[in-house]
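>>> Test case, fold it:
(chains A and B)
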2 protein chains.
Amino acid sequence: MTTEERRAPAEPQIIGRAGSYSKGVARRQEILDRAIDVFRERGADGTSLRRIATAIGVSHAALLHYFDSREQLLVAVYEHAESKRDTAKMYGDSISALDVLVKAAMINIGVPGMVELYTTLLASSLAVDASPSNTFFTARFARIRGELTERLITEQEDGRIRDDVDPADIAALLISASDGLQIQWLLEPSVELEGTLETFAVLLAPPAP
Amino acid sequence: MTTEERRAPAEPQIIGRAGSYSKGVARRQEILDRAIDVFRERGADGTSLRRIATAIGVSHAALLHYFDSREQLLVAVYEHAESKRDTAKMYGDSISALDVLVKAAMINIGVPGMVELYTTLLASSLAVDASPSNTFFTARFARIRGELTERLITEQEDGRIRDDVDPADIAALLISASDGLQIQWLLEPSVELEGTLETFAVLLAPPAP
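Residues are numbered from 1 along each chain as shown, chains lettered A, B, ... in the order given. You can find the predicted model right below:
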């Protein structure tokens, strides 16, 4: 990410308004932008909220004003980073479910630390019900499964993919495969992420007429 | 796991011998058995090595005799738990790659805390090269990919699955899908783990003659 992109507010229509609410939103975004850089450089593991505050150059108290806990900050950082690269919005309705995921995965692995942050939060989400990460990931998986299922139904109706499999099952499989392959690729670069994910194109192809 | 299973040494041929080495191995296994229970009850997140020692009833020094770090202990706990349920060994050569994974996944989600421990370690493995979790997971993924690829090649040769896809790619996809679906299922039990994984049976079926 360039310096310019880092400075660009994610929600200019809100930040553009005058008043303390919009200033607070802008400040929060600025903190998140800086926090992303910190996590990229140092990783998400074992860094206290106090040390994060020092690293991004705000007081511990200021950080606590915006985020109740380290976990809430980490979730917000991930959400903020992800909102900047919403593949579905970038490519519109005509792109296939598989291509949405492949493009998202390729952007994701290009940002050092993102897969690690994602996996750290995922582990937290399994530890405590209704924690920030638990709430975030439960909603995130449901939303992405829903979006991909819609795309897959359309693809089945159009005859672009086979229709003898449940689109919701395929959506869950595609998400799992993409998440897991990013990890396997990071550990072993010979596991070719894009090519392996694209195998789904063969598996999902409609039977030859 | 029953009390009897917990007490059963994993490597009786070594532990059966007299001498301090075998006693040390037995003691290590005993610590791991108890540690599995602790993680099941409390989760892997944020527990110090000192607190783990207290919980399993050994001194901090004794624990450090067997494990250099908290991460090394966590890796050993996971490895120890996994060695007790090696699906491939349990079911022999005739079982399909998919069935190996489905059976392993169903056992895994039956042990509270295992998916969380796995995911916590996976996140650690991405943070530092050559750390205990990094070394463990790099080798583990390579081994399981290799084992499943061998099975898939046999299945292709026997005409049990389609042969227009690369077996190594399918192995990586199956592992990712199984890992990821266990997490999605834990967060949202309506994501039916077994049924969703079994979709691969349809996707991999050879074309109708």
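>>> distance between the helix or strand containing A:R143 and the chain's centre?
Assessed by DSSP states H and E, A:R143 sits inside helix A:132-157. Counting by CA atoms, centre = their mean, to the nearest Å, helix A:132-157 is centred 13 Å from the centre of its parent chain.
>>> next SSE after that helix?
helix A:167-187.
>>> elements contacting that next one?
Helix A:167-187 sits against helix A:97-109, helix A:114-127, helix A:132-157, helix A:193-204, helix B:114-127, helix B:132-157, helix B:167-187, helix B:193-204, with contacts defined as 3 or more CB pairs under 8 Å, 6 or more residues apart in numbering or on different chains; DSSP states H and E. (C-beta placed from N, C-alpha, C; glycine too.)
>>> at 6 Å instead, please
Judged by 3 or more CB pairs under 6 Å, 6 or more residues apart in numbering or on different chains; DSSP states H and E, helix A:167-187 is in contact with helix A:97-109, helix A:132-157, helix A:193-204, helix B:132-157, helix B:167-187, helix B:193-204.
>>> Determine which stretch of these is the most buried.
helix B:167-187 (a mean of 24; mean count of other CB atoms under 10 Å in any protein chain shown).
>>> outside of that helix, which residues touch it?
A:126, A:137-138, A:141, A:172-173, A:176-177, A:179-181, A:184, A:191, A:196, A:199, B:101, B:105, B:109, B:115, B:144-145, B:148-149, B:152-153, B:191, B:193, B:196 (CB atoms under 6 Å, 6 or more residues apart in numbering or on different chains).
>>> For A:L197, which non-adjacent residue is closest in space?
A:V102 (5.1 Å; CB to CB, 6 or more residues apart in numbering or on different chains).
>>> Against chain B, how distant is that neighbour?
13 Å (CB to the nearest CB, to the nearest Å).
>>> Please apply the same query to A:L148.
Counting by CB to the nearest CB, the gap from A:L148 to chain B is 12 Å.
>>> next one: stretch A:199-209 to chain centre, how far?
Offset of stretch A:199-209 from its chain centre (CA atoms, centre = their mean): 28 Å.
>>> Alpha carbons of it, as PDB, please.
Output of stretch A:199-209 as PDB, limited to C-alpha atoms (Å, rounded to 0.1, in the frame of the first residue of the first chain):
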ATOM      1  CA  THR A 199      -8.900 -26.600  -9.800                       C
ATOM      2  CA  PHE A 200     -12.400 -25.800  -8.600                       C
ATOM      3  CA  ALA A 201     -13.200 -24.500 -12.100                       C
ATOM      4  CA  VAL A 202     -12.700 -28.100 -13.400                       C
ATOM      5  CA  LEU A 203     -14.600 -29.700 -10.500                       C
ATOM      6  CA  LEU A 204     -17.500 -27.300 -10.900                       C
ATOM      7  CA  ALA A 205     -17.700 -27.400 -14.700                       C
ATOM      8  CA  PRO A 206     -21.100 -28.600 -16.100                       C
ATOM      9  CA  PRO A 207     -21.000 -32.100 -17.600                       C
ATOM     10  CA  ALA A 208     -20.100 -32.100 -21.300                       C
ATOM     11  CA  PRO A 209     -23.300 -32.100 -23.400                       C
END
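>>> any bit of that stretch sitting next to chain B?
Yes - legend: contact between stretch A:199-209 and chain B by CB under 6 Å from any CB of the partner chain is shown at A:199, A:202-203.
>>> Rounded mean pLDDT for that stretch, please.
Computed over stretch A:199-209, the mean pLDDT rounds to 93.
>>> Please apply the same query to stretch A:60-79.
Computed over stretch A:60-79, the average pLDDT equals 89.
>>> Also stretch A:90-106?
Mean per-residue pLDDT for stretch A:90-106: 88.
>>> Check the separation of the first and last residues in that stretch.
Start and end residues of stretch A:90-106 are separated by 14 Å (CA to CA, to the nearest Å).
>>> Residue numbers of chain A in contact with chain B?
A:43, A:45, A:116, A:119-120, A:122-123, A:126-127, A:137-138, A:141, A:165, A:169, A:172-173, A:176-177, A:179-181, A:184, A:186-187, A:191, A:196, A:199, A:202-203.
>>> give me the low-pLDDT residue ranges for chain A?
A:1-19, A:43-47, A:86-89 (pLDDT under 70).
>>> and the helices and strands packed on helix A:167-187 as a markdown table, adding distance to A:T54?
Listed next are those as a markdown table, based on distance: least, CB to CB, whole Å:
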| stretch | distance to A:T54 |
| --- | --- |
| helix A:97-109 | 28 |
| helix A:132-157 | 22 |
| helix A:193-204 | 35 |
| helix B:132-157 | 27 |
| helix B:167-187 | 33 |
| helix B:193-204 | 43 |
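>>> of those helices, which approaches A:D37 most closely?
helix A:97-109 (16.6 Å; CB to CB).
>>> now the angle between helix A:167-187 and the closest one, please.
Per axes from the mean of the first three to the mean of the last three CA atoms, to 10 degrees, the angle that helix A:97-109 makes with helix A:167-187 is 30 degrees.
>>> returning to that earlier point: which strands and helices lie in contact with the helix holding A:R143?
Where contact means 3+ CB pairs under 6 Å, 6+ apart, helix A:132-157 is packed against helix A:70-83, helix A:97-109, helix A:114-127, helix A:167-187, helix B:167-187.
>>> about what we covered before: looking at the residues of stretch A:199-209 next to chain B, spot the one nearest B:S133.
Proximity of the residues of stretch A:199-209 next to chain B to B:S133 (CB to CB) peaks at A:T199, which lies at 27.7 Å.
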